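okay, here's the prediction I keep looking at, along with the sequence it came from:
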Amino acid sequence: MDLMLNQFLFLGAILFCIGVYGVLARRNAVMVLMSIELILNSVNINLVAFSTMWGVASGAVFALFVIAVAAAEVGVGLALVLMLYRNMRSIDVDRVDLMKG
Amino acid sequence: MSALLAQTTYTYLPEQVGFWMIAILMVVAALRVVTTKNVVHAALWLVVVLAGVAAQFILLASEFVAVTQVLVYIGAIVVLLLFGVMLTKAPLGRSDDLDGPKVQKGVAVVIALALLGMMGWVLAESWRDTKLDLHGRTVGELGQTTGQLSDSIFSTYLLPFEAVSILLLAALIGAIVLARRD
Amino acid sequence: MPYLLDKVWILPAIMAGSFLLILFFGKKLLARFGEKATASIGIASIAVCFILSLFIAGQWIQRVNHPPTGADMAAAEEACLGPSEVAAEEMGVEVYAPAEHGEASHGAETEGDHSTEADDGHGTSEPADGEATTSDEHGAAPMATGESAAAATPTAAAAEPAAEEGHEEVIPVCASMTWFESDHIDFEVGTVLDGLSAMMLFTVTMISLLVHLYSLEYLHKDVRFTHYYAFLSLFSASMLFYVLSSNTLQMLVGWELVGVCSFGLIGHWWEQRANTDAALKAFLTNRVGDTGLIIGVVVLFFATGAASFNVFFQNQQALSGELNTTLLLIAALALFWGVTSKSGQFPLHTWLPDAMAGPTPVSALIHAATMVVAGVYLIARMYGVFWGGLEIGDSSIHYVAFIGGFTTIIGGILAFVQQDLKKVLAYSTISQLGYMVMALGVGAWTAGVFHLFTHAFFKACLFLGAGSVSHACHHTFDMREMGGLRKYMPSTHKTFLIATIALAGIFPFAGFWSKDEILAGAANGQGDKAYTLMLVMGLITAFMTAAYMGRAYYKTFRGEYRGHGTPHESPKIITIPLWILAVFATVIGLVNFPGHIIGAVDDAGLAHRFEHYVQPTFAFPTDLEVAPFMYWLAGLSLVLAGFGLAIGIGYFAKGEPLKGMTERNPLARIGYVFLEKKYYLDALYESGIRDTVVMPLARAAYWFNMKVLDGIVNGLGVAARKFGTVLYRYVDQGVVDGAVNGTGLVSEESGQFLRRLQTGKVQQYGALLFGAAVILAAIFVLTNAINA
């Protein structure tokens, strides 16, 4: 019953894939943002697991950076969603196809 | 590497029980986040996942990151997301238009499973027998005390830290500019 | 005046400040006090820069006359080579130890003697002393430092010629600071001041100043007056920054900055589609070349031991003969690819004629005198690399020299068929740039740089003259709507004529001296090999240059006025810069007067001044030969140029009805007796005297004139025209432009295909991204598993 590194890594991987599913399958922009949070958190689990394994602070420091960046990302992301809502009266990401070639 | 080589006879039973309970709860909650038909429920399930992540950090002896996780994620980001839900007048109850069409969901499932398979294979190949030897070691020995983290941030990672500060400032300004009504 | 040579960064800083001032306050000043207020910021800044550059040139001359010795010299040398050597040695990279280290101690011993001897120690008579005394090991007697360098170098024998020229080693003045440091490599920003950059400073600031003044009238009441002056300032700043750069990275920055300014100024009148197209074409063509430059910089960095980007360090390494020659060749060719676009060399020259869509003063400043010579400057600055990479000293043909020679001919022929006065000048510029590149290619460093120097003045004069003409003729550049402007615009006519003669290379105007040096350099070659093919190309071009300039001159200023309205002379603010440039076009060639034509000049120590002050002695090929003045070659090129001018003018004069023949052509009468005689005989013939005065001699002369000369004149004219048309239509527009357009077409087609993938749906992009990541990861994992 040893504590394995892979336990944590697999947990991260599963969360990551669930997040990816959410990003790809959800229509609502806020839901997409939530799924992105899942992905970022799965990465944090990996970072902290490695940090503890090697006994150095670097991984945890990067996890903190990821948290900070995630906060910024949510802030800007929600501002964009608000703009989207204001201009299109909807936050369905598949209705936004202005970049269509 | 020293953590790897140390031999112990400790069974890690409490840790294992804790890990698996939290892990299963997290996976279920994460699945609910991406499948529920209610936006507010999704946000609340997300809180469960985030709290689970914080618990895993505690298990990994990384207390400061865990506290930050709770403060920033659960305290700020989820609240921000809920504000987003309300400001965009999203349906507060059940709604069927949160998901894309069936084809899209199918493709997403296939890609997510392929990704999982890929990562699972690589992880199983690379870290198969790597053990986490935590027992009997102080948080300091694992490099996770708040002091060690701050030493690291303000010496080795000073430049990235400043860059992240600027990024946050820029994001703040950007969010204000974007969301301003004019 | 304080010592300026290590503070030259002030010049680009002043211009950058001027740019910012005009950018932020220009519009307000314009609205409040009129155009002159805005322009005066730029004019005052560039005038200050011009004065400073005069002082800088003076101080550089002082430095060459009294070169630093001993510890000063060692310090200057260390400043120029940068700390890279130490770093490289730490890294364990094999670095060629420069011989000058040993010499520094030599210098210290002889310091006392040296400073007294330096006064007269630079004449051509000096080396005899130097050679005689070097047998003394400690060199207590006056000793040319170049000589002692030669003694210390492993290749002492090869270094002899440099010492014979009487050049002491003068270390450039370098100032630098560390920009950032990465893995033992210092990335520096710094300035270099040596003869070459001092010369460029003078040229750039002077022509920029004149253009600033000229534009005041030319762009009067323009819609984007402020924008224009802001860009002029920015351009001057970037160009000064570029010529003062001490390392290749910095040069890259300056190079791109001048490109951006060029883009902005070509598209100055962007309301017309043609102008924006021209600007885009110039920018994109230059991007193609810039890619080569970036590759060259990187390859060169690694070829010279991955220790430093410093130009002197790289030159020295390249000349040490211990580097991988293949790598060096690749670096030189990649750098030359950048030169090809910036300096309009074949096959990337097509943007330059189109760039004439910009305002004419801009064409004079950027696309004739300064920016387009950035490529030539690059070769001159990195000469050690080109010398080592292309083995210039041990070859009779190589890529750079050939492309230079080929470009001169291509540009010259194309100039014949243009009806647009500015385009004639543009193709002429291409041709002359080819001349400079060819000169550098054949090892005639001074000749190439000297031609750059003289060409800047007379070509700027021609462009500004063309602008003045267009100002008078309702803003047209079409020569079919000109003609006869001599009567209406006396000042413009005279200055244009002077510049035309200078460009054609007629004695004693500026072009003659520099062109002749290039030809002599090609004829002499390096070592025991002459660059014969390049010599022939140069001679052909000498002839053609005169001919097409004669044609352009005739069509613009002679004959009858074919436009509408009455042209008028331009105001003083336009003609004064023209006159200044014309004076320079007349006399500037004398700065490199070859001494032994008039012995007195030689004795007074006034010969080869340009070479003496500009040609580097530090990190420069020591076995470079400077060709002597050759009477036969000078005579030949003079005859060819005169013949060319006569044909250019005569052909079109003959195309006119009777009036053109009877009109006395003073130019032709003075210089070109043969053609003139034909006109006399024609007149005699028509008066019926032919029958009465039947002298065999006259008859023979007449026959000779009619059949031989006329045949040659007409034949050559027609042939050149035909050939030029064919070349222009099929090669230039068809092949070269076709290739460019073809590339565009292919991208468009493939774009149309790929367009279907671009649904604009974020999640589809996400799915593709993650799917691709999975597949890529699978490939990596599988290949790893198979290998393991």
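All right, it came through fine.

which residues of chain B score low on pLDDT?
B:1-9, B:90-92, B:182 (pLDDT under 70).

C:Gly267: neighbouring residues, count only.
21 (other C-beta atoms under 10 Å in any protein chain shown). In this view, the C-beta of every residue, glycine as well, is placed from N, C-alpha and C.

per-residue confidence at it?
C:Gly267 carries a pLDDT score of 86 in this model.

before we move on, what about C:Leu390?
81.

surely C:Gly483 touches C:Ala552?
No. Checked against C-beta atoms under 8 Å, the pair C:Gly483 and C:Ala552 is beyond contact range at 11.5 Å.

ok, the two, which is more surrounded?
Taking neighbours as other C-beta under 10 Å, C:Gly483 and C:Ala552 compare with C:Ala552 leading, 26 against 20.

what about that one, which helix or strand?
helix C:532-557 (DSSP states H and E).

what is that helix packed up against?
Applying 3 or more C-beta pairs under 8 Å, 6 or more residues apart in numbering or on different chains; DSSP states H and E, we find helix C:532-557 packed against helix C:399-416, helix C:421-441, helix C:485-488, helix C:490-504, helix C:510-524, helix C:631-655, helix C:710-726.

what mean pLDDT does that helix get?
86.

name the residues of it that are buried.
Within helix C:532-557, the residues scored as buried using 16 or more other C-beta atoms under 10 Å in any protein chain shown are C:533-535, C:537-557.

and for stretch B:139-157?
Neighbour count says stretch B:139-157 has B:139, B:142-145, B:148-149, B:152-153, B:157 buried, by 16+ other C-beta under 10 Å.

and the two most separated of the residues you listed?
B:Val139 and B:Tyr157 (19.6 Å; C-beta to C-beta).

close to chain B, is the helix or strand where A:Val20 lies?
Applying DSSP H and E as the criterion places A:Val20 in helix A:5-25. Yes. In terms of C-beta under 8 Å from any C-beta of the partner chain, part of helix A:5-25 sits within range of chain B, namely A:5-11, A:13-22, A:24-25.

what about dumping the CA coordinates of that helix to CSV?
Only the C-alpha atoms of helix A:5-25 are listed here, as CSV (Å, rounded to 0.1, in the frame of the first residue of the first chain):
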residue,chain,number,x,y,z
LEU,A,5,3.4,9.0,-7.6
ASN,A,6,1.2,7.7,-10.3
GLN,A,7,-1.9,8.0,-8.2
PHE,A,8,-1.7,11.7,-8.3
LEU,A,9,-0.6,11.9,-11.9
PHE,A,10,-3.5,9.7,-13.0
LEU,A,11,-5.9,11.8,-11.0
GLY,A,12,-4.5,14.8,-12.8
ALA,A,13,-4.8,13.1,-16.2
ILE,A,14,-8.4,12.2,-15.6
LEU,A,15,-9.4,15.7,-14.5
PHE,A,16,-7.5,17.0,-17.5
CYS,A,17,-9.5,14.8,-19.9
ILE,A,18,-12.8,15.7,-18.3
GLY,A,19,-11.8,19.3,-18.7
VAL,A,20,-11.0,18.8,-22.3
TYR,A,21,-14.3,17.1,-22.8
GLY,A,22,-16.0,20.1,-21.2
VAL,A,23,-14.2,22.6,-23.3
LEU,A,24,-15.1,20.8,-26.5
ALA,A,25,-18.6,19.8,-25.8
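
ok, then the element right after it?
helix A:29-54.

which other helices and strands does that next one contact?
So helix A:29-54, by 3+ C-beta pairs under 8 Å, 6+ apart, packs with helix A:5-25, helix A:58-88, helix B:2-5, helix B:13-35, helix B:39-59, helix B:78-87.

next, the buried residues of that helix.
Neighbour counts using 16+ other C-beta under 10 Å place A:29-53 of helix A:29-54 among the buried residues.

show me what contacts the residue nearest in space to the middle of chain C?
Of all residues in chain C, the one closest to the mean position by C-alpha atoms, centre = their mean is C:Val373, 3.2 Å from it. By C-beta atoms under 8 Å, 6 or more residues apart in numbering or on different chains, the contact list for C:Val373 reads C:343, C:433, C:436, C:452, C:455-456.

what does C:Ala582 give?
C:461, C:494-495, C:498-499.

and the furthest pair within those residues?
Pairwise over the contacts of C:Ala582, using C-beta to C-beta, the maximum falls at C:Cys461 and C:Lys494, 10.8 Å.

quick one: which of the two has more around it?
Using other C-beta under 10 Å as the criterion, C:Cys461 and C:Lys494 rank with C:Cys461 on top: 31 against 17.

mind listing what's buried along the helix or strand the more buried one falls within?
Taking DSSP H and E as the criterion, C:Cys461 maps to helix C:445-472. For helix C:445-472, the neighbour count (16+ other C-beta under 10 Å) marks C:445-472 as buried.

what of stretch C:237-253?
C:237-252.

ok, which pair from those is furthest apart?
Using C-beta to C-beta, the two most remote members of the buried residues of stretch C:237-253 are C:Ala237 and C:Thr248, lying 19.5 Å apart.

can you tell me if the lowest-mean-pLDDT helix or strand in chain A touches chain C.
Lowest on mean pLDDT, DSSP states H and E among the helices and strands of chain A sits helix A:58-88, with a mean of 90. No. Helix A:58-88 lies out of reach of chain C by C-beta under 8 Å from any C-beta, never closer than 11.3 Å.

would you mind listing what in chain B touches chain C?
Residues of chain B lying near chain C (C-beta under 8 Å from any C-beta): B:100, B:104, B:107-108, B:111, B:114-115, B:118, B:121-122, B:125.

swap the cut-off to 10 Å and go again
Contact residues (C-beta under 10 Å from any C-beta of the partner chain) of chain B with chain C: B:100, B:104, B:107-108, B:110-119, B:121-122, B:125.

residues of the strand or helix carrying C:Phe180 that come out buried?
If you go by DSSP H and E, C:Phe180 is part of strand C:173-182. For strand C:173-182, the neighbour count (16+ other C-beta under 10 Å) marks C:173-176 as buried.

please tabulate the residues you listed in a markdown table and include pLDDT and distance to B:Arg180 as additional columns.
Shown next, in a markdown table, are the buried residues of strand C:173-182 (pLDDT from 0 to 100; distance: C-beta to C-beta, whole Å):
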| residue | pLDDT | distance to B:Arg180 |
| --- | --- | --- |
| C:Val173 | 85 | 54 |
| C:Cys174 | 84 | 51 |
| C:Ala175 | 84 | 48 |
| C:Ser176 | 82 | 46 |
